[in-house]
Structure formats: C-alpha cells, structure tokens
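J.: A predicted structure for the sequence below; I have some questions about it.
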Amino acid sequence: MKVTKAQVEANRARIVETASHLFRERGYDGVGVAELMATAGLTHGGFYRHFASKAELLAEAAACGLGRTTSSMNGIGRDEFIGQYLSREHRDDLSGGCTLAALSGDAARQSAAIKTTFAAGLEKILAQVLAAEDMDADPRSARAQALDTIAHALGALILSRACPDDSPLADEILDTCRAALLGTRQPRQTEHDCDRPAGQPADTAPAPQQA
C-alpha cells in the first residue's frame with residue numbers, strides 16, 4: 001500500500017517527537033537509531049527515508065523541544081516562570097523538561113548546525129523572559145538581567161539533577177536559587193548585626209550615652 005504524503009509527514013513528526021523525549025532523558029549518545037525507530041513504532045530502515053543522518057534529526061529534535069519550552073512560557077510572568085522552572089517536578093522530568101538543561105552539555109560537542117539551533121532557541125526563550133519584564137527599562141540592561149535569570153535558573157537545575165534524587169542538596173540548590181532569583185533571600189547577618197540590640201534597625205547606630 002502506498003503511503004500518503006500526510007502519513008509520511010505524520011511519521012516524521014512522530015520520530016522527531018520521540019527523539020526529543022529520548023535525547024532529553026538519555027543524551028545524544030544514549031539513544032541509537034534502531035531503538036528510536038522501534039519506540040516510535042516504525043521500522044529501522046525507514047529512518048533514512050526521513051533524515052539524511054542522525055545529526056539532522058538531532059537539530060530537529062532540539063528545535064522541537066526548545067519550541068515546547070518557549071510555548072509553555074506564553075502568558076506567564078517572570079516569577080511564575082522561575083517557580084515552575086526551579087520546581088522539584090521539573091527537576092525530575094528529564095524527558096519532558098527543558099532541552100537547554102538536558103542537552104546543552106551534549107550540544108557543546110556537536111556540530112555548528114546543532115549549536116545554531118540551541119542559540120536560536122535560547123534567543124526565543126530570552127525574548128519570552130524579556131516580555132515579562134519592565135519594558136520601560138534600558139534594553140541592554142533588561143537583556144543582561146534576563147540572561148542572568150536564565151543562566152542562573154539553568155545552572156541550578158543542572159546542578160540539582162547531578163545530585164542523587166534523594167539527596168537533600170538537590171532540593172537545597174533549587175530552593176536557594178529560586179529564592180535568590182525571586183528576591184526573597186534573607187540578608188546575611190554580620191557579627192555586628194548579632195550584637196545589635198533587638199528592634200534596632202541595621203543602619204541606625206546606638207544612641208550615645210549621656211555623660
């Protein structure tokens with residue numbers, strides 16, 4: 001039976017979607033073409049009717065995953081994004097989570113085409129974060145702040161995932177960085193602060209004693 005054009009496109013989309021999940025869960029070197037096609041419910045030999053090489057699929061799968069991350073940010077503010085991104089649920093969702101967090105390390109060792117895909121995806125995510133910021137701010141300053149937010153959140157998620165799942169440190173990393181990004185971190189108490197009488201503001205010196 002002849003396969004219709006619509007079926008060919010649907011099969012290709014299924015391969016890309018399946019690859020996007022498997023690559024995020026196991027990395028680029030952890031998934032072979034045969035397993036990928038079997039998981040997608042297709043024959044191994046059909047792969048090269050859709051893609052010239054595995055590298056071509058890597059780029060399309062990355063674009064697919066990055067696109068989903070961008071779409072998930074539509075309509076949410078910066079604080080909500082940070083809360084969701086640095087949640088335990090996202091941390092544990094390797095196959096369905098952020099492609100940048102799952103595969104940036106792998107992408108650094110891939111071709112320029114794949115790196116370009118990651119850069120384009122990062123720019124779109126950056127645009128989403130900027131859209132949730134104060135648009136009256138200086139554009140360069142706002143972009144720098146948005147980049148800092150993304151890099152901070154991304155690094156925290158990667159470090160947390162590198163710890164054992166039941167490690168208290170895994171949650172501590174998420175909690176600490178989430179609080180810092182949301183501006184809820186408590187100021188460090190200095191030795192001078194410890195000696196300050198209760199109720200006295202930090203920037204107020206003790207009243208001089210009367211002679």
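T.: Sure, I can see it. Numbers count the residues shown, from 1 in each chain.
J.: Poorly predicted segments of this structure, please.
T.: 1, 133-136, 184-211 (pLDDT under 70).
J.: Name all residues that make contact with the nearest residue to I82 once chain neighbours are set aside.
T.: Nearest non-adjacent residue to I82, counting by C-beta to C-beta, 6 or more residues apart in numbering: L181, 4.9 Å away. Where you see a C-beta, it was placed from the backbone N, CA and C, and this is true even at glycine. Taking C-beta atoms under 8 Å, 6 or more residues apart in numbering, we find L181 in contact with 82, 86, 149, 152-153.
J.: One more pass at 10 Å, please.
T.: 78-79, 81-83, 85-86, 148-149, 152-153, 156 (C-beta atoms under 10 Å, 6 or more residues apart in numbering).
J.: does it sit in a helix or strand, and which one?
T.: According to DSSP states H and E, L181 maps onto helix 168-182.
J.: residues near T4, how many?
T.: Here the number of neighbours of T4 (other C-beta atoms under 10 Å) works out to 9.
J.: residues contacting R178?
T.: 79, 82-83, 85-87, 152-153, 156, 184-185.
J.: contacting residues for L103?
T.: L103 neighbours (C-beta under 10 Å, 6+ apart): 20, 23-24, 27-28, 58, 61-62, 65-66, 110, 114, 118.
J.: With respect to R91, which of these is nearest?
T.: For the contacts of L103, the residue nearest R91 by C-beta to C-beta is R24; the value is 13.0 Å.
J.: Double-check the closest one against A102; I have them as touching.
T.: Yes. Contact criterion C-beta atoms under 10 Å: R24 and A102 qualify, at 4.0 Å.
J.: what sits in contact with each of the two?
T.: In contact with both R24 and A102: 62, 65, 93-96, using C-beta under 10 Å, 6+ apart.
J.: by how many degrees do the strand or helix carrying T149 and helix 168-182 diverge?
T.: For T149, the element it lies in under DSSP H and E is helix 139-162. With axes from the mean of the first three to the mean of the last three C-alpha atoms, to 10 degrees defining the directions, helix 139-162 sits at 170 degrees from helix 168-182.
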